[in-house]
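A.B. asks: everything below, folded, please.
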Amino acid sequence: MTAHIGPFCRSPLTDLSGGIMTHQYGNKCNAFEMRAVECLEAYGAAKGQEKCQDYLDDVKECMFQFKQVARVQAMRVERHRQWLTGERKSEDHYAPSARIDGF
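C.D. replies: Next comes the predicted model:
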């Protein structure tokens, strides 16, 4: 998101394939990306990097899920610590799995 890469020469093929590098096709991150792009468009690329940092961070979190992965890892470590200290029994070491039809 820091630099825009445009095609060397434009053709109908470049217009059709332009959306491949975005998250606009049914992805859960499309609203975050649109807010970030609109903010960058309003402030420009250079000034937008500092003004739109919150929106850019939201897009990165949605794409890579750093906080979600860290949260799951912390829960796993805490569960293992409780098992090692005897606060949790071996059969309760891991949470029960979800039912197959539970979605």
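A.B. asks: which strand or helix spans residue 96?
C.D. replies: Assigned by DSSP states H and E, residue 96 belongs to no helix or strand.
A.B. asks: tell me the confidence at it?
C.D. replies: Residue 96 is assigned 81 on the pLDDT scale.
A.B. asks: ok, residue 78 next?
C.D. replies: Note for residue 78: predicted pLDDT of 94.
A.B. asks: which positions within the helix or strand where it lies qualify as buried?
C.D. replies: Residue 78 belongs to helix 66-85 when assigned by DSSP H and E. Using 16 or more other Cβ atoms under 10 Å as the test for burial, helix 66-85 gives residue 79. (Glycine included, C-beta is placed from N, CA and C.)
A.B. asks: can we start the residue count at 23 from this point?
C.D. replies: New numbering, starting at 23: the last item is helix 88-107.
A.B. asks: helices along the protein, start to end?
C.D. replies: Applying DSSP state H to the chain gives helices spanning 34-38, 52-65, 67-73, 75-86, 88-107.
A.B. asks: so which of the ones you listed gets nearest residue 118?
C.D. replies: Of all the helices of the chain, helix 88-107 sits nearest to residue 118, with 12.6 Å by Cβ to Cβ.
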